[in-house]
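Chemist: The following comprises the amino acid sequence and a computationally predicted model.
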4 protein chains.
Amino acid sequence: MPVPAPNLYPAFNTIRLSHVCLNVSDLAASRAFYVDMFGLQVTDEDDTYIYLRALEERGHHSVILQRSDQPGTVEVMGFKTFDEGDLDRADAYFRAKGRPTEWAQRPFQGRTLLTSDNMGIPLEFYHQMDRLAPIHQEYGRYHGVRPLRIDHFNCFSTDVDDSVAFYSDFGFRVTEYTEDEESKRLWAAWLHRKGGVHDMAFTNGRGPRMHHVAFWVANPLHIIDLLDVMATTGYVGNIERGPGRHGISNAFFLYILDPDGHRIEIYSSDYQTVDSDHEPIKWDLKDPQRQTLWGAPAPRSWFEHGTEFVGVPVNDPDLDASPIIAP
Amino acid sequence: MPVPAPNLYPAFNTIRLSHVCLNVSDLAASRAFYVDMFGLQVTDEDDTYIYLRALEERGHHSVILQRSDQPGTVEVMGFKTFDEGDLDRADAYFRAKGRPTEWAQRPFQGRTLLTSDNMGIPLEFYHQMDRLAPIHQEYGRYHGVRPLRIDHFNCFSTDVDDSVAFYSDFGFRVTEYTEDEESKRLWAAWLHRKGGVHDMAFTNGRGPRMHHVAFWVANPLHIIDLLDVMATTGYVGNIERGPGRHGISNAFFLYILDPDGHRIEIYSSDYQTVDSDHEPIKWDLKDPQRQTLWGAPAPRSWFEHGTEFVGVPVNDPDLDASPIIAP
Amino acid sequence: MPVPAPNLYPAFNTIRLSHVCLNVSDLAASRAFYVDMFGLQVTDEDDTYIYLRALEERGHHSVILQRSDQPGTVEVMGFKTFDEGDLDRADAYFRAKGRPTEWAQRPFQGRTLLTSDNMGIPLEFYHQMDRLAPIHQEYGRYHGVRPLRIDHFNCFSTDVDDSVAFYSDFGFRVTEYTEDEESKRLWAAWLHRKGGVHDMAFTNGRGPRMHHVAFWVANPLHIIDLLDVMATTGYVGNIERGPGRHGISNAFFLYILDPDGHRIEIYSSDYQTVDSDHEPIKWDLKDPQRQTLWGAPAPRSWFEHGTEFVGVPVNDPDLDASPIIAP
Amino acid sequence: MPVPAPNLYPAFNTIRLSHVCLNVSDLAASRAFYVDMFGLQVTDEDDTYIYLRALEERGHHSVILQRSDQPGTVEVMGFKTFDEGDLDRADAYFRAKGRPTEWAQRPFQGRTLLTSDNMGIPLEFYHQMDRLAPIHQEYGRYHGVRPLRIDHFNCFSTDVDDSVAFYSDFGFRVTEYTEDEESKRLWAAWLHRKGGVHDMAFTNGRGPRMHHVAFWVANPLHIIDLLDVMATTGYVGNIERGPGRHGISNAFFLYILDPDGHRIEIYSSDYQTVDSDHEPIKWDLKDPQRQTLWGAPAPRSWFEHGTEFVGVPVNDPDLDASPIIAP
Ligand SMILES: [Ca+2]
Ligand SMILES: [Fe+2]
Ligand SMILES: [Fe+2]
Ligand SMILES: [Fe+2]
Ligand SMILES: [Fe+2]
């Protein structure tokens, strides 16, 4: 299947990805990881939740850590709409597609629409979230990897063609994709709303599962600083892959694992994609520079490990093509 | 006057700034500056024009150098619309505002609407421009400051309140602004369409004139590299201000002057502003960290020098407030 | 006078500059500056002294902060010799030159020889200092400007030719120098022992006074980080000059002032000078790229302000040439 | 065997490593690699030789490429002495050790002493080499990885204890070493003369062979730039290992292979070791952070591949311990 043409006039206007709620076993251990080591800022916390934002974010939270008896699962992925009316249009849209919808009250958020995508990934849409005072120029707060903002989600899909069709229909636009030359099916795809390479990406694999959530940093030296800190403060085993330059997206990257196995990417310098006629870039699954421009293959764990969405059954993918894996 | 609320539902959809046409006296000297030293890529050239793009741009040009008997003037500033229909809606909009409009044929561009803003700045709007193959991963081409994309324009205005009102009305949103505490009038403002701090900014002064056009680079070290190259290849006199961190926008910057006196900014790492409820930040004209977070004032030339728009009369500003100038 | 040829076989072997003792008014304010903001590590402290080292140093201290009723003066500059015998040879050498010598006991140091240079700058030489465990890979400790090691001293001299002759005679080698074209006298000189551009430098001016003490950092981005932190944590007024690239030494630099007016330089990436036949580089006092390769002149304070050596009278310089000063 | 105490008063004074002569099959291919892509500067060339220097070097050459019918072998490793008399003292010293010595005439060098080390590695010592004008501030010349100076050699040794004993005896000082916990024998060692972590290092393996020659760069971003260029200009297969932070030396590194299989390291920011009482750091062969602080093991080729010294027989090592190799 070819990549679908973008729907430039979707039924409702999603601005960007917004936040993720991660289920964790030990809030103190997660706080040490995300706040003390990684550098996110706490905006609220109690016995069950820690709310976090990155340094340039004005919205109340981009990560919610939720103490859970199902740690290592993902509760929900959140998206922000352009206005309140978009929530009603989204409700109608998803119901018309046969997806379940429900209105919820979330702390620090306005009216929130719960639904799920074609594979069952739990999604929530809102327009209004508490706005906080800017802290991006309070440089005394910067530490760890100096995370500036949430950048994107990446999920395992059992059928990437289907996932791409589903998100394209409400306005996500493909920027890059990997095709399996034999079957002509998609092995992976990157889709955006906010004008970068992606807000959401899908990779062929046992799914649906979250592959990773990514944070933007200003330059590669902050990633090197993080590696040095992790390597010498007890987190060397949490470093999974990188650093390197992605072929796809052209960004400089690092992948690490949090204490519950959630994968976090640190990501810097992709490129602008706001043009409505921006053409997607096609990669061949067998191109070794696809994963890492410099040629290094990803480790096996990177293709196999992900974190499930709580309560959502997982299946094997349809497509049985093989990426290049480190020996 | 307070900053106007953004018009979230403008009459037509401008995606971003796109290109500028600069009048120059000597194409060879300009080519040495922009191509050999600065690092832009030539996409077309003849005896009268050199068309340039930055490394991640897919549109045909973001700078046009035009050999002219009025060197040191600006021909036009260009903007890209979301679709072709936006051009017709723009035509109707500007005519209703009493602005002149005209359709033009531009090389490498589709249908192009010429108009001018409230002060007379010549503007052109188009949707379609020739799309070129990506070169952002042809790293052998990168040199000079490694410019990635055009980022914004900045112009002197004789009445910043009026300029802001004019652009806000067709959808530009203010991200930061400087107010004169006494008169409560705007001394400067930054407005965006594409989700960064600005596509267009205005500063109080003799106008209308272009203050500068800015290019985005990946990190501050490329700016340091450029300074080293300029300082030792005959361009030390073309360095005007910086490097430094802006208070406003939080970006790392450098200002240089081209052989005809056009001011170029190199700019890195502002922040994302895609949220429709993103609140503008207010600065006081007397705050010394407004210009440079680190406290260094700008030189007098930075407040006084600009390049005129060809054929557009220039006037003194209404507001007579004084910024902080280096002694 | 021409620059003297290096004495490659000096009477005793000085390895490198080692430490400085600074008199301060308020240890808590100095600690906030040097430890919390700047990033040095405390190795010992009591009511009168704070001992500090930089991140890669194994010797006990490179800065001693001494609470004093003469704050803003310098107590002594320290140098390390190759072996213990060098101390006896130094004692004989300085006495033969007519300089006073005295043996002192210093905490954390072995046998220490006190003397003073031709202008009266108090110097101390030692071979043995307590050695501490390496911390350069304890990356959790790195903050502020991430200072790695003390790099050099710079002093005002009333007669740079005399100062250079004095230090050259016991083995310091000139790497770069500034000559006044009219008088053919030295306006400034940089001399080393440890294989970089300098351990000690002299500048023509009211002296003897300390102009600055410098610390080495790994790259310019750490200097940018420091500027951002200083600018937003109450130290914007302590930023004096920079950042920039030196013409002389080719290093990337920043100058800041501590709470008592002691000037600190942060310095990165000069070059290796271990060759015994390394030729010095000559600069003209009128060359604007001498101070800053990028052309920006230093502010007046940079030429006029320094901190006196406690109890050492200060005189005007012989040479009345004028450097380029920012207007 | 424990690491030997340094000989602080050696029979002659070696200042630093100086240059290497590499045998290559195709001068044009080597020139494309070292000059056009990597960024070294040609100082002389003819049909048989290309002489190269890095950007801050004033000596005529640090690399000699020699067209040879034995490509992929190393001709000789060169060292610079403090003065001419050191050459005579070196001659007497090596003869007393039973090593062959011979005086040779080398282009661009003064009197040159040829000898070989205990394993047969061909060495040459000289004091005088043609001195060239500084180019370190000709920033228009900088490209590729922006190499500043040769930093060190690293060789496979069949008996690292013996190699260390041999070099220690004429003044090389151990800064870091790896011990096999079982046999208490050295698996690797780093030794310096010039005040950094090493001028020469040895690793247990089939030897003698050159493992790599390293060049110093100012910061890690230049290494990232090189990787991007290599990956997109036909050299992706020449990238072998990295980038990463070394545990040993704390430097940021990358290893690449030239067209004849000679391994080149790019190296940035180790630390200063000029103190005569500088203590070596011991590492355990089983410590995974020894090779890469961030935990990534080196590939098998890195332990097995090296380039032979022309005409010197190669043997298996005595010690049969196993480092950690990437699966
Ligand atoms: Ca950087
Ligand atoms: Fe990602
Ligand atoms: Fe700007
Ligand atoms: Fe200095
Ligand atoms: Fe090495």
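Modeler: Great, that's in hand. Ligands and ions are numbered 1, 2, ... in the order given.
Chemist: Get me the contact residues on the stretch 151-300 of chain A for chain C.
Modeler: With C-beta under 8 Å from any C-beta of the partner chain as the criterion, the stretch 151-300 of chain A comes near chain C at residues A:219, A:221, A:225, A:228-229, A:231-233. C-beta here means a position set from N, CA and C on the backbone, and glycine is covered the same way.
Chemist: switch to 6 Å and redo it
Modeler: Within reach of chain C by C-beta under 6 Å from any C-beta of the partner chain, the stretch 151-300 of chain A has these residues: A:221, A:228-229, A:232-233.
Chemist: Which of those are buried? Put it as a ChimeraX command.
Modeler: What follows is the ChimeraX syntax selecting those of those that are buried according to 16 or more other C-beta atoms under 10 Å in any protein chain shown:
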select /A:221,228,229,232
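Chemist: can the residues of the stretch 151-300 of chain A next to chain C go into JSON lines with extra columns for pLDDT and distance to residue D:263?
Modeler: Output for these, formatted as JSON lines (pLDDT from 0 to 100; distance: C-beta to C-beta, whole Å):
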{"residue": "A:221", "pLDDT": "97", "distance to residue D:263": "26"}
{"residue": "A:228", "pLDDT": "98", "distance to residue D:263": "25"}
{"residue": "A:229", "pLDDT": "98", "distance to residue D:263": "30"}
{"residue": "A:232", "pLDDT": "98", "distance to residue D:263": "28"}
{"residue": "A:233", "pLDDT": "98", "distance to residue D:263": "32"}
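Chemist: Relative to residue B:260, which of the residues of the stretch 151-300 of chain A next to chain C is nearest.
Modeler: Residue B:260 lies nearest to residue A:221 out of these, by C-beta to C-beta, at 36.1 Å.
Chemist: which residues are contacting the helix or strand encompassing the closest one?
Modeler: Element membership for residue A:221, per DSSP states H and E: helix A:220-232. Helix A:220-232 has contacts (C-beta atoms under 6 Å, 6 or more residues apart in numbering or on different chains) with A:145-146, A:239, A:243, A:252, A:254, A:266, A:268, C:137-140, C:221, D:220, D:224, D:293-294.
Chemist: Just the buried ones out of these, please.
Modeler: Neighbour counting with 16+ other C-beta under 10 Å marks A:145-146, A:239, A:243, A:252, A:254, A:266, A:268, C:137, C:139, C:221, D:220, D:224, D:293-294 as buried within the contacts of helix A:220-232.
Chemist: For the residue of the stretch 51-200 of chain A at minimum distance from ligand 3, which residues are in contact?
Modeler: Nearest residue of the stretch 51-200 of chain A to ligand 3: residue A:137, at 17.1 Å (C-beta to the ion). Applying C-beta under 6 Å, 6+ apart to residue A:137 gives the contacts B:250, C:232.
Chemist: Contact residues of chain A facing ligand 1?
Modeler: Within chain A, the positions near ligand 1 by C-beta under 5 Å from the ion are A:219, A:221.
Chemist: Could you report the neighbour count for residue A:96?
Modeler: 9 (other C-beta atoms under 10 Å in any protein chain shown).
Chemist: Same question for residue A:324.
Modeler: For residue A:324, the neighbour count with other C-beta under 10 Å is 17.
Chemist: Over to residue A:147?
Modeler: Neighbours of residue A:147 under the rule other C-beta under 10 Å: 31.
Chemist: that's a helix at it, yeah?
Modeler: No. Counting by DSSP: H, G, I helix; E, B strand; the rest coil, residue A:147 is not part of a helix but coil.
Chemist: give me the residue from the stretch 51-200 of chain A nearest chain B.
Modeler: residue A:56 (4.4 Å; C-beta to the nearest C-beta).
Chemist: Test my guess that that residue contacts residue A:150.
Modeler: No. With contact defined as C-beta atoms under 6 Å, residue A:56 does not reach residue A:150; the gap is 10.4 Å.
Chemist: Name the surrounding residues that touch stretch A:284-302.
Modeler: Residues outside stretch A:284-302 that contact it (C-beta under 6 Å, 6+ apart) are A:178, A:180-181, A:187, A:241, A:244-245, A:247-248, A:283, A:321, A:324-326, D:227, D:231, D:236, D:239.
Chemist: Give me the subset of these that lies in helices.
Modeler: The helices, defined by DSSP state H, take in D:227, D:231 from the contacts of stretch A:284-302.
Chemist: gap between the helix holding residue A:221 and the chain center?
Modeler: Taking C-alpha atoms, centre = their mean, to the nearest Å, the mean C-alpha location of helix A:220-232 is offset from the chain mean by 21 Å.
Chemist: circling back: just the contacts of stretch A:284-302 that are near ligand 5?
Modeler: With C-beta under 5 Å from the ion as the criterion, those include none near ligand 5.
Chemist: For PyMOL, what selects the buried ones among the contacts of stretch A:284-302?
Modeler: Of the contacts of stretch A:284-302, the buried ones can be selected in PyMOL as follows, counting by 16+ other C-beta under 10 Å:
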select buried, (chain A and resi 178+180+187+241+244+245+247+248+283+321+324+326) or (chain D and resi 227+231+236+239)
